[in-house]
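Visitor: I would like the atomic coordinates for the input below:
(chains A, B and C)
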Amino acid sequence: MTIFDEGRGREMDRRSFMSGTLAGAAALGGLGPFAGAVAQSTEMTALMVNAMLGPTLKPIVEEEAKVTIKEGAFLSGTDTVSRLTAPGGARYDLMNSSFAFSHPVVMGPKAGAERVQPIDVSLIPNMKYINEPSKEGIGERDGKVYMIPHSWGFDSILYNRDVVPDNDPYTQSWSLLFEDKYAGKIGWWDVAHQMLMAAGLYLGHAEPEKMDRNQLGEVAKFLISKKKNVRTFYTTFAQGSNLLASGEIAVGYGIVPMRVELKKRGFNITGAWPKEGVLSLISASYIPKDSKNVSAAHAVINAMLGERYAKALSDGCGYLSASKFAQENLTDAYKKEYGYGIFDGSVKHYQLKFPTNMNMWIETWSRVKSA
Amino acid sequence: MATLAVTASAPLDTRQRGERARRMLLWAYAGLFYCFLYLPILLLVVLSFNDSQTIGLPFQGVTLRWYEEVLGSPEMLRSILNSVVLGVVSAAVATLLALLLALGFRQEFPLKGLLMKIILLPILIPGIVGGVIYLVFFGFGEVQFGVWTTALPVHITWVLPFAFLTLFPRIHGLDRSLEEAAADLGARPLTVFRRVVFPIIKPGVVATAMFAFTLSFDEFIRTLFVIGNQRTVPVHLWTLLSDQMAPFLPAVGVVITVISMLVSFVGFAASARAGRAH
Amino acid sequence: MAAVSSVPPRRRDLRALLVIPGALWLLAFAVAPLAILFAMSFWTSSIFGTTTDLTLDNYRVIADDPIYFQVLLQTLRIALTVTALSLLVGYPMAYFLASLRGPKRGVFLVLLFLPFWSSYVVRTFVWLPMLGRNGLVNAVLLQLGIISEPLDWLLYNEGATHIGLVYVYTLFMTLPLYLSLDRIDRNLIDAAADLGAGPFRAFFRVVFPLSMPGVLSGCVMVFLLACGAYVTPQLLGGTSGMMFGNVIAPQYTVTNNWALGAALSVILVIVVFLCLVIFGRRVRLNDIFIGG
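Guide: Okay, the predicted model is just below:
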């Protein structure tokens, strides 16, 4: 006798088992057309903030690049770059994450140490449209281009206006995310880099990415003391959005696409403009060495800098395209809402740069989480 | 014992009353238990019709659009197909391997005790470690992640010990004299197996395969780490849960539950009929 | 009989060869991966990748920081409580099932199985709308006027992790209990009662000891499953209900510290094995699984 035996099928014979599963398989057989419909154009895999290929955006790219894109689940920039160095390779044809944070890993410390392949710019005619502020996000070494900017974005604190009034002074600083006022209603994103950057800025570090072990220890101590205010951590943007939408939390670390989607779905949730600065980033695309579909990857990068995609991007996910077409037909109110102020200096921002000792950051955050 | 029961002279009345009270208590408890078991599932069904952008109460009116969204999603259908085929193949392979192991285990051989522990290994390794192990193993082996390259061997390995543990007692307890008589009458080993052993253990083999299928169908954590961009049903659910705002999630849960119930139920019903015919 | 059983020993040895395919499979896909994990726990990892440079640093990091030990203890504690709770919840249920006769038993058995044909992930996440702020429990309590504000402490803590784990793994406890109770000869219980043993004494002296194989199987199974939990604490546990799985997984999914993750995994495996060995002094491991 075993633990499990018999409960499910005393006296069952092979015929009945087969007929059972075959019936199921037959029912599924009707789905054949769906399975067949996939392999129309060339297929490629991509790992980037999923909202960049949201329902209004993906069709544009797929049409212009003549590919079918299969997306991986984006977790964070840290996760994305770490896949480049994971045993067995990146396993994606195209990847995209924040330039300032990613380029030390993506391009390696010196020539020859790049973890991606050079991009053939002759296949990216739309590069000529890249706007001035975004040129900073071109990853170049020895005349070869390894990273190409896609868009600007920024992270901030999202809050529920039914709980947190807009005129609450807490919304003017990162304090909203940490301090006791909204205890029990706060959610933290489970990512070392962004959370420690935000806390570092809030605690007055001018260049938080350069914090040393002692300063990191201070930040950790601060975060641990504020952990009691936190209802839960979330690992993905969708989890954060769900928490905000369902009212489980009223305040949380968030990226622009979260805010845009919540607003589209009718939730009264907006983003704060902390005086220490929002955390900004230029997201950039790169092609891993083990990419199996290099030409499709090039085509997608090009399409994402094209006029149609650039114009649809802000409305689709809130990011600001790196192409000069992005701003063409946007009103001032619209620009304000989507944070174009980070270009003209009216919104303070600080770039999410790569920390001097990333491993120490990761350890520090683990300590905060487990404490 | 029987004599004792007859000669005992306990006051039957009070005992019967006590017995009835105990039975009532048991039924009441069972009622509570089934509430605990089914309340969340009933809630899931209710929420799957809720016309709301969040997963939760209050109920804001009936809609069928979540079901339309779910049933129209090719990814959902592909993941169901993946799970079913993966379940069938891994159940078949694991049952075969387990059957061979169980047959071999009737003999004494060196390192038998050690092999027994190795068979239990996949059960003894905690789930999360199971996932990590295969990520590392296939990662360093540079094996392409996918349903057939990595998830299949992982599933076979995971269900193998359960299949063995289900089969072994039945085969171990088999009366040997029948086989030995057949062998003495000149039957070759394979014939003995086909004509004598297999008919006896057949119901056990089928039950094992069925059980292995359900285990594979529900396997999640090990699969999540090695399946790459493909999806089984539980992985698809997890992806929905973590990658997008999915107000249709309860509808997904209901659809999946109904499908796995149907698959299992059809198996049950058919076997009952076959049993009667037999 | 004596003549029949003296089959030439050579043939028996040959039939033992049938274990070879299964044994090879397990060597390739169970033993080898575990060995690689063990080796990797001595390698070096950073955000820049994993190299095979041998080091004890991973274990040093774990030893130096008391956090890991605390989470490990918390995990074992949660796993034990969940096991005990499952036993408490499952035993009367198994007893109920075993006391049923005829088709009723079949119906209630199927009713026990049905929820487990939905997915593990569904069974876990369904507790979010049960226990959340806008969840069923809060809605009912508010409706009844028992509370005026939704309760926050129902979800995102250790309690929620417990509820989730007990719910998700009930079948693994109830089923072996039922199977072993079902095998007890009813005459024995009747005899005990007839000999004047009260219902409680009859239960604790006769029924419970006879159901021990089922109790052991169920407990070991639930304990093992709970030790390796990841999804349930992740979804329901909030900031305090974390388990060891939630420390291991991010080393792979978030921070790329594969070597540290391997060392943590090795520790969890060793601790779980130790628990089983200590436990196994009284009962043989094989009996736990096969004897249930």
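Visitor: where in the chain is pLDDT low?
Guide: Here I'm looking at chain A. For chain A, the stretches with pLDDT under 70 are A:1-41, A:329.
Visitor: I was thinking of chain C, sorry if that wasn't clear
Guide: Confidence mapping of chain C against pLDDT under 70 gives the ranges C:1-13, C:280-292.
Visitor: Which one of the residues in it is closest to chain B?
Guide: Residue of chain C nearest chain B, by Cβ to the nearest Cβ: residue C:228 (2.8 Å). C-beta coordinates here come from the backbone N, C-alpha and C atoms, glycine included.
Visitor: That residue: how many residues sit nearby?
Guide: Residue C:228: 25 surrounding residues under other Cβ atoms under 10 Å in any protein chain shown.
Visitor: so it makes contact with residue B:132?
Guide: No - using Cβ atoms under 8 Å as the test, residue C:228 is too far from residue B:132 to be in contact (10.3 Å).
Visitor: For the residue of chain C closest to chain B, list the residues it contacts.
Guide: B:125-130, B:221, C:245, C:268 (Cβ atoms under 8 Å, 6 or more residues apart in numbering or on different chains).
Visitor: Please repeat the previous calculation with a cut-off of 7 Å.
Guide: The contact partners of residue C:228, taken as Cβ atoms under 7 Å, 6 or more residues apart in numbering or on different chains, are B:126-129, C:245.
Visitor: what does residue C:23 give?
Guide: Applying Cβ under 7 Å, 6+ apart, the residues contacting residue C:23 are residue B:115.
Visitor: Mind listing what's buried along the strand or helix carrying it?
Guide: Per DSSP states H and E: residue C:23 is located in helix C:19-26. For helix C:19-26, burial by neighbour count (16 or more other Cβ atoms under 10 Å in any protein chain shown) applies to C:19, C:22-23, C:25-26.
Visitor: wait, isn't residue A:311 in contact with residue A:327?
Guide: No - between residue A:311 and residue A:327 there is no contact under Cβ atoms under 7 Å: 9.5 Å.
Visitor: Now the closest residue to the residue of chain C closest to chain B other than its chain neighbours. Its backbone dihedrals?
Guide: Using Cβ to Cβ, 6 or more residues apart in numbering or on different chains and skipping residues adjacent in sequence, the residue nearest residue C:228 is residue B:126, 2.8 Å away. Main-chain torsions, residue B:126, degrees, to the nearest 10: phi -50, psi 150.
Visitor: now swap in residue A:319 and tell me
Guide: With angles defined as degrees, to the nearest 10, residue A:319 sits at phi -70, psi 160.
Visitor: Tell me how many other residues crowd it.
Guide: With other Cβ under 10 Å as criterion, residue A:319 counts 26.
Visitor: For the stretch 1-150 of chain C, which residues are neighbours of chain A?
Guide: C:46-50, C:65, C:67, C:71, C:109, C:113, C:132-134 (Cβ under 7 Å from any Cβ of the partner chain).
Visitor: Restricted to strands, list those residues.
Guide: Among those, the members falling in strands (DSSP state E) are C:46, C:49-50.
Visitor: Would you reformat those as TSV and include distance to residue A:113 and neighbour count?
Guide: Shown next, in TSV, are those (distance: Cβ to Cβ, whole Å; neighbours: other Cβ atoms under 10 Å in any protein chain shown):
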residue	distance to residue A:113	neighbour count
C:46	14	19
C:49	11	16
C:50	16	21
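Visitor: Closest one to residue A:302 out of those residues, please.
Guide: residue C:49 (29.9 Å; Cβ to Cβ).
Visitor: mind listing what the residue nearest to that closest one when sequence neighbours are not counted touches?
Guide: Nearest residue to residue C:49 in three dimensions, chain neighbours excluded: residue A:85, at 3.5 Å (Cβ to Cβ, 6+ apart). Applying Cβ under 7 Å, 6+ apart, we find residue A:85 in contact with A:105, A:115, C:48-49, C:256.
Visitor: Also residue C:178?
Guide: By Cβ under 7 Å, 6+ apart, the contact set of residue C:178 is C:94, C:97-98.
Visitor: rewinding a little: contacts only, for the residue nearest to residue C:228.
Guide: Applying Cβ under 7 Å, 6+ apart to residue B:126 gives the contacts C:224, C:227-228, C:268-269, C:272.
Visitor: quick one on the thing from earlier: show me the contacts of residue C:178 that map onto strands.
Guide: Among the contacts of residue C:178, no member falls in strands (DSSP E).
Visitor: Let's see if you can find the most crowded of those.
Guide: Most neighbours among the contacts of residue C:178, by other Cβ under 10 Å: residue C:94, with 25 neighbours.
Visitor: doesn't residue C:180 make contact with that one?
Guide: No - using Cβ under 7 Å, residue C:94 is not in contact with residue C:180; the gap is 8.3 Å.
Visitor: quick one on the thing from earlier: out of the contacts of residue A:85, the closest to residue A:156 would be?
Guide: Closest approach between those and residue A:156, by Cβ to Cβ: residue A:105, at 24.8 Å.
Visitor: give me the number of residues near the closest one?
Guide: The tally of other residues near residue A:105 (other Cβ under 10 Å) stands at 24.
Visitor: That one looks like it's in a helix, true?
Guide: Yes - counting by DSSP: H, G, I helix; E, B strand; the rest coil, residue A:105 is part of a helix.
Visitor: Residue C:49 is in contact with that one, correct?
Guide: No - the criterion here is Cβ under 7 Å, and residue A:105 misses it with residue C:49 at 9.0 Å.
Visitor: ranges for the strands of chain A?
Guide: Remark: strands assigned in chain A by DSSP E are A:42-47, A:67-71, A:94-98, A:116-117, A:139-141, A:144-160, A:186-189, A:230-234, A:251-255, A:269-271, A:278-288, A:320-321, A:349-351.
Visitor: who wins for proximity to residue A:338 among those?
Guide: Of all the strands of chain A, it is strand A:320-321 that lies closest to residue A:338, at 6.3 Å by Cβ to Cβ.
Visitor: what does the stretch 101-250 of chain B put close to chain A?
Guide: Selection of the stretch 101-250 of chain B residues close to chain A by Cβ under 7 Å from any Cβ yields B:138-140, B:142, B:145, B:162, B:165-166, B:169, B:202-203, B:206-207, B:209-211, B:213-214, B:228-229, B:239, B:242-245.
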